[in-house]
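Visitor: I need the structure of the sequence given here:
(chains A and B)
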Amino acid sequence: MGTLQLKIWVLVVVMVAGIGCSKLTPIPTQLPHVKISGGTTTGPLMLRRVELQFPNGRGQITIPRDSSLTARAIVQFNGNGLFRALWIVDGRVVGTVSMLVTFGDTLTIDTAPGTILPAFEPGLHELTLRIEQPVSTLTIPAISYMVTVDKDSGGGSGTQ
Amino acid sequence: MIAVLSMPLTSSSVLSAIITSYVNGDIRLIEPSSTRVKVLHTITVEIADYAGPVIVLVDGVDVSSLVQHQGLRWIYHAIQPLSNGQHYVEVLAPGMASPTGARWMLSVEDHAEDAQKHTLYSKSGISLTGSQVFGDKVKNKEMSTSANLAVNVGMQSGGTEVSFESSFGYSNTSSNNQLTPSGLLLQLRHVKNLFALGDVNFKGTPLTASSLARRGILADLHWENTSLQLLQANSRTVTGWKSGLGSDNQIQGIALSHGFGNGQDQPLRIAAVALSGEILNASSGNVASTAAPSRGNVAGLQGSGRYAGMGYNAEVGISKFDADTQDNTSAKQDVAASVQLDRVVAGVSLMANYQRAGTDYASIADPGATYDREQLAFSGGAGLGSSSLSASLSRSHDNLDSDPSRPIVYNNNLGLTYAFTPASWPTLSVSYLAGQVKSESEPAGTPRTDIGNQSVTAALSYGRIGWSGNLVFSDAWIDDPLNGDTNTQNATLSVSMQSRDQLSFTPVLSVTRSDQNGVSQQTGLGTLTLNWRISASLSLSGQMVWIQNDASDDSVDNNQRNAVLRATWDITPSLKAIFPHQQTGLTLSYNGNRFVDNIDSSRNQSDQSVMLGIQVSAPLKGEYKF
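Guide: Next up, the predicted model:
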């Protein structure tokens, strides 16, 4: 595996250096947002903290009918292993999460582009993340969003 | 012609005080700089430590191609002065790791005299729903009602504005009666200076508080190149109409920033941030945590800018933190530092980053996080025609104090991404990530860690007017001799179709398979979301979900189906003569759920219900000048 990684890296360097004199276009590069964090990196996966939030950084939001909404889970953990979870709105599964986690204590999970949090029914809706693996004693909270009847938010009834 | 900068908004949060912070990643409106501008031709924004790309929308029209880029600033010169009335300026920075945007509302008025007037305004709205439930297995065949009142009122006088925003929902059934206030924000704004009570956002530096959305009070004061922010807020999330202020669970913050020079390259910008506070109970309305009560102080000093084509961003932080105020240990002091450099060389964007945070370093704004890590990372990327290639390489290790009771764990990571984006053809993106976690200096009795992980993701996207589709495959595996190997594979197909605002149709199909310790589990998920305006007065919307779970050891074998369908008959025109400002619809909803467990049939569930209802909404808008 180490040899393969080295070969690929050499290939990248050669490609980048080789075409560097051509009309290259800089593309925005971002280092992966790895929050510097340590903790227990060995052993099986264990959860320490789970926070759910909407784009306003809070657990409550009001949105106009038929608008799009996303959510985020910030999970802090120890160890390594498989993380499996389900996004659930009003008891209905609307998305799945499955990923392998190693070295690092914070996992940020955004709802995938294909995960649609329904906003066609006016009223209060509850969203939670049901974590199936690892099994944890944490009681994952539910966050709520209010869908207004009117499509046009008109200021005060907008995203809060 | 007078332009009044009246109410900056973020794209993500209306009910949040905006902090035009100077720290990394923020978008700041430079021009117009005053609420009284006689001619408004130019809009200038500045984004710290960001090289692009930037999307600028003026009244929803993309004017990015007309925007000039100078250093950290993006300048839009309108062909003609903005017309009278309200205009919205939206700026998006999609290239950031976490895409960021900002939005402002500009009000251009006819005469200077108008700007001298006082204006009372309301941008509120109210909505009501009522429904009757029918169904064989529905326990409460009851009438339910709900209401939502969104309040946004204020007064503006010249460059000064006072506003209040809040919202509450009310739901009533025979068994439940619930009032749910949501959001609270009282603002006093004078030119660019702001005092806010309620849901405020404090944005410090990466080592102190990269983002802190809390309930409390915030003062945000601006001078020419200097800003000062003061925060007193609850350290936990607060809901309802509570102020968040009190004697417990409080956090105080101060952020001072100053920019030197206004040239094409911003030579230096300094931000100093300090936070102090306590968290007595780490769990709250949207947080579940096992963390102990904690208390601490943290301060950071950040310098950033761009000089001679080189972007730089450096920060040092110091903290004194007691991670458990209930044990007998006292607060511990530690330091952290980070340096990031970026430059374009021969068409290749290059970036380097070094971070080090000591074992006991911590921030009260980031509860539960542990640090103790040193990391060095490089990334580079370039495009050639329709192709682009980016790569990243990083190495880190923890246990910086070489604590003999813990191993030292090293982590190496390699990432490669190739994207092919030809015009009129599907876009292809392929990523490969590989990493290794390896321990050394294990204490007696602690097994050695030697974990290899790899993942490959391929995404194919294609779109045309009215529809778009995405197909994503991913395969990831961990080689872990200690805890067993794990492999997970996922395939997701999502399609979004929209036809002239008549029909929106989004099917998503996802299959995930995980193998761990010889047991495989497969989950299939299908969702279908639709919104169909059948005619001018009749619409149908709904979401259908199907999910199937299977495990090879027969521990799981179930499937679940849910459907919600809602038909709405808009009767607004019929009621216009009586209630001219309302929007009213009659609704017929169907809700069906079915769960089948093939292992334990006693868990099977099935229910269906039908609701007849009415929904009414009315704007409560207007303004009065005096």
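
Visitor: count the residues that sit near B:Arg28.
Guide: Neighbours of B:Arg28 under the rule other CB atoms under 10 Å in any protein chain shown: 21. (Each C-beta comes from the backbone N, C-alpha and C, glycine too.)

Visitor: off-centre distance for stretch B:436-449?
Guide: 37 Å (CA atoms, centre = their mean, to the nearest Å).

Visitor: what residues of it count as buried?
Guide: For stretch B:436-449, a neighbour-count test (16 or more other CB atoms under 10 Å in any protein chain shown) marks B:436-439, B:442, B:449 as buried.

Visitor: can you check stretch A:87-95 too?
Guide: If you call a residue buried by 16+ other CB under 10 Å, then stretch A:87-95 has these buried ones: A:87-90, A:92-95.

Visitor: and what of stretch A:122-130?
Guide: Within stretch A:122-130, the residues scored as buried using 16+ other CB under 10 Å are A:122-125, A:127-129.

Visitor: over to stretch B:545-553?
Guide: For stretch B:545-553, a neighbour-count test (16+ other CB under 10 Å) marks B:545-551 as buried.

Visitor: what about the strands in chain A?
Guide: A:25-26, A:46-53, A:60-63, A:72-78, A:81-89, A:92-101, A:106-110, A:123-133, A:143-147 (DSSP state E).

Visitor: wait, is B:Ala577 part of a strand?
Guide: No. B:Ala577: not assigned to a strand; according to DSSP: H, G, I helix; E, B strand; the rest coil it is coil.

Visitor: quick check: the gap between it and B:Thr568.
Guide: B:Ala577 sits at a distance of 21 Å from B:Thr568 (criterion: CB to CB, to the nearest Å).

Visitor: next one: B:Asn598
Guide: For B:Asn598 relative to B:Thr568 (CB to CB), the value is 37 Å.

Visitor: name the residue in the two with the higher neighbour count.
Guide: B:Thr568 (23 against 14).

Visitor: ok, now which ones touch B:Val89?
Guide: The contact partners of B:Val89, taken as CB atoms under 8 Å, 6 or more residues apart in numbering or on different chains, are B:29, B:43, B:56-58, B:103-106.

Visitor: quick one: the buried residues of stretch A:87-95 as a markdown table, columns for distance to B:Ile534 and pLDDT too.
Guide: Formatted as a markdown table, the buried residues of stretch A:87-95 follow (distance: CB to CB, whole Å; pLDDT from 0 to 100):
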| residue | distance to B:Ile534 | pLDDT |
| --- | --- | --- |
| A:Trp87 | 30 | 95 |
| A:Ile88 | 30 | 95 |
| A:Val89 | 25 | 95 |
| A:Asp90 | 25 | 90 |
| A:Arg92 | 24 | 89 |
| A:Val93 | 28 | 91 |
| A:Val94 | 25 | 92 |
| A:Gly95 | 28 | 91 |
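
Visitor: who's in contact with the nearest residue to B:Thr226 once chain neighbours are set aside?
Guide: Counting by CB to CB, 6 or more residues apart in numbering or on different chains, B:Thr226 lies nearest to B:His258, which is 4.6 Å off, once chain neighbours are set aside. Residues in contact with B:His258 (CB under 8 Å, 6+ apart) are B:22, B:225-227, B:269-270.

Visitor: among these, which ones are in strands?
Guide: Under the assignment DSSP E, those contribute B:226-227, B:269-270 to strands.

Visitor: now, among the residues you listed, which is nearest to chain A?
Guide: The closest of the ones in strands among the contacts of B:His258 to chain A turns out to be B:Arg269 (CB to the nearest CB; 19.7 Å).

Visitor: so which strand or helix has the residue located most distally from the centre of chain B?
Guide: Computed with CA atoms, centre = their mean, the residue of chain B farthest from its C-alpha average is B:Ala444, at 44.5 Å. Using DSSP states H and E, B:Ala444 sits within no helix or strand.

Visitor: now do the phi/psi pair for it.
Guide: phi -60, psi 130 (degrees, to the nearest 10).

Visitor: check A:Pro55 too.
Guide: According to degrees, to the nearest 10, A:Pro55 has phi -60, psi -20.

Visitor: unless I'm mixing things up, it is touching A:Thr70, no?
Guide: Yes. Judged on CB atoms under 8 Å, A:Pro55 makes contact with A:Thr70 at a distance of 6.0 Å.

Visitor: more neighbours: which of the two?
Guide: Legend: neighbour count by other CB under 10 Å for A:Pro55 and A:Thr70, higher for A:Pro55 (17 against 14).

Visitor: gap between the more buried one and chain B?
Guide: Distance, A:Pro55 to chain B, using CB to the nearest CB, to the nearest Å: 4 Å.

Visitor: which one (most neighbours) among the contacts of B:His258?
Guide: Result: B:Tyr22 is most packed of the contacts of B:His258 (other CB under 10 Å), 26 neighbours.

Visitor: returning to what we had before: out of the buried residues of stretch B:545-553, who's near chain A?
Guide: Restricting the buried residues of stretch B:545-553 to those near chain A by CB under 8 Å from any CB of the partner chain leaves B:545, B:547.

Visitor: low-confidence stretches in the chain?
Guide: You didn't say which chain, so I picked chain A. Applying pLDDT under 70 to chain A flags the ranges A:1-43, A:152-160.

Visitor: my question was about chain B, not that one.
Guide: Using pLDDT under 70, chain B drops low at B:1-26, B:33-39, B:48-52, B:71, B:94-101, B:109-116, B:136-141, B:174, B:262-266.

Visitor: that one: helices as residue ranges?
Guide: B:112-116, B:572-575 (DSSP state H).

Visitor: for A:Met46, give me its contacts.
Guide: Residues near A:Met46 by CB under 8 Å, 6+ apart: A:77-79, A:134, A:136.
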